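1. Here is my input; please provide its structure:
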Amino acid sequence: MAEDDRPRVPLYLRIRRHAQVAATVLVNARFLVDLRSVCFPGLNCWACPTAGMACPLGALQNQMPQLRVSLLRPLYVLGGILAVSAIIGRAMCGWLCPFGLLQDLMARIRRRHYKLPRWFGYFKYVVLVGLALIIPYLTFTPWFCKLCPQGALQGGIFQPLVDASLRPLIGTWWFIKIGILVAFLVAFVLFRRPFCHGFCALGALFSLCNRVSFIRMHYVREKCTDCLWCVRECPAGIDPRTELESNTCVSCMECAKCPFGAIYVTTALHPPRQFELDQRPSPVEDRP
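-> Numbers count the residues shown, from 1 in each chain. Below is the predicted model of the structure:
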C-alpha cells in the first residue's frame, strides 16, 4: 500500500500519551484542588501526599462492611464504576490510569516481551471477588489496598519521605509491600501490562461492560493483511484480531492506527460499516 493510500490517523488517537500524563498530573495535584471525596476512574492511591482524588477501589473496599447495615453506600461506589464502564469500557485503563502509564513506559525498556496466557486474564476476577470484596467484608480491612503495588509506590514510599513521624513505624509489612512493588516493576519490563492483565480488580470491574460500552471498536477481516502490526504495537500484549474488546483489552485504541484501516473506533449509535456485515473468515485462517 502506498503511503498516500493509508488512512489518516485521527487526532484523538495521537494524543493518548498526552492524556495519560495529563491525567496523572491532575489527579495528583492536591496543591491545586482537594477532591479526595470524589473518586477518580483509575488506580491512584489516596494515601499519596499529592493525591487530589480518591481511588474507587479503595472506596469500594472501605464500604463493603457497610453491607451489614445498608446497601446504598457500597452500591453507590460500584454503580459509579459500572456507569463509567458502560460508557468507555476499559478505556480508562488505556487512557487515564497512572499505573497503566507506568507500565507502558517501563515496557519500552525492552523490545521483546513474553506473552501471558489468555487464561491468566481471568485471575483478576478472583482478585476482585476475593481480595477486594469478600475479604474486606469479613475483616473490615481493605486488603487489596494493603497489597497494591500502586499504593506502595505512592503511599508507602512518598508518605515517609514527606512525614518524618512515619519513618519509625516502618516495619515488616512495609518491606513486604515494597517487595511486591519491586516484583511488579521487574514484570513490567518482561511483560506488557501484567498487572492490568491478571491482577487489577478495578480493571476487572471496568471490563464487565467492555463489549457493550458506548465506545466500540471493530475489526475488519477483509482489510487485514496479517502483517501483525497491531500485535506488535498493542500495549496490553494481546492479539487485537481475536481479542479486541476482550476482558484483557484496555481499549487504548493503538490498534486503530492500523496502516490498512482494519480496525476502527465508533460508538454504539453507529452500526458496523457495511463491509463488516459480509462473511468474515477467522483471523487465524491461512490465506491462499
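2. All the strands of the stretch 101-250 of the chain, residue numbers only.
-> 215-219 (DSSP state E, counting those that start in this stretch).
3. Low-confidence stretches in it?
-> Filtered on pLDDT under 70, the stretch 101-250 of the chain yields no residues whatsoever.
4. redo that, cut-off 90
-> Counting by pLDDT under 90, the ranges of the stretch 101-250 of the chain that qualify are 111, 158-159, 162-166, 169.
5. ok, how many other residues are close to Pro235?
-> 20 (other CB atoms under 10 Å). All C-beta spots, glycine's among them, are computed from the backbone N, C-alpha and C.
6. what's it in contact with, if anything?
-> Taking CB atoms under 8 Å, 6 or more residues apart in numbering, we find Pro235 in contact with Gly94, Gln103, Asp104, Ala107, Arg192, Arg193, Val250, Cys252, Glu254.
7. got those residues as a markdown table, with distance to Ala152 and neighbour count columns?
-> What follows is the contacts of Pro235, written out as a markdown table (distance: CB to CB, whole Å; neighbours: other CB atoms under 10 Å):
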| residue | distance to Ala152 | neighbour count |
| --- | --- | --- |
| Gly94 | 23 | 25 |
| Gln103 | 15 | 25 |
| Asp104 | 19 | 23 |
| Ala107 | 20 | 20 |
| Arg192 | 21 | 24 |
| Arg193 | 18 | 29 |
| Val250 | 22 | 30 |
| Cys252 | 25 | 22 |
| Glu254 | 28 | 19 |
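8. which among the residues you listed gets closest to Leu71?
-> Proximity of the contacts of Pro235 to Leu71 (CB to CB) peaks at Val250, which lies at 30.5 Å.
9. buried ones in the biggest helix by length in the chain?
-> The longest helix of the chain (DSSP state H) is helix 172-190. For helix 172-190, the neighbour count (16 or more other CB atoms under 10 Å) marks Trp174, Lys177, Ile178, Ile180, Leu181, Phe184, Ala187, Phe188 as buried.
10. And stretch 234-245, by the same measure?
-> Cys234, Pro235, Ala236, Gly237, Ile238, Asp239, Pro240, Arg241, Glu243, Leu244, Glu245.
11. Let me know the closest of those residues to Gly79.
-> Closest to Gly79, out of all of the buried residues of stretch 234-245 and judged by CB to CB, is Glu245, at 22.2 Å.
12. ok, the closest one touching Met217?
-> Yes: using CB atoms under 8 Å, Glu245 is in contact with Met217, at 5.7 Å.
13. Helix or strand next in line after the helix or strand encompassing His18, which one?
-> Using DSSP states H and E, His18 falls within helix 16-27. Note on helix 16-27: by DSSP H and E, the next helix or strand toward the C-terminus is strand 35-39.
14. Just the residues contacting that following strand, thanks.
-> So strand 35-39 is in contact with Arg30, Trp46, Ala51, Gly52, Met53, Ala54, Cys55, Pro56, Ala59, Val77, Gly80, Ile81, going by CB under 8 Å, 6+ apart.
15. For Arg167, which non-adjacent residue is closest in space?
-> Pro160 (5.0 Å; CB to CB, 6 or more residues apart in numbering).
16. follow-up on the earlier one: quick one: which of the contacts of Pro235 is nearest to Leu153?
-> Taking those together and measuring to Leu153 by CB to CB, the closest member is Gln103, at 11.8 Å.
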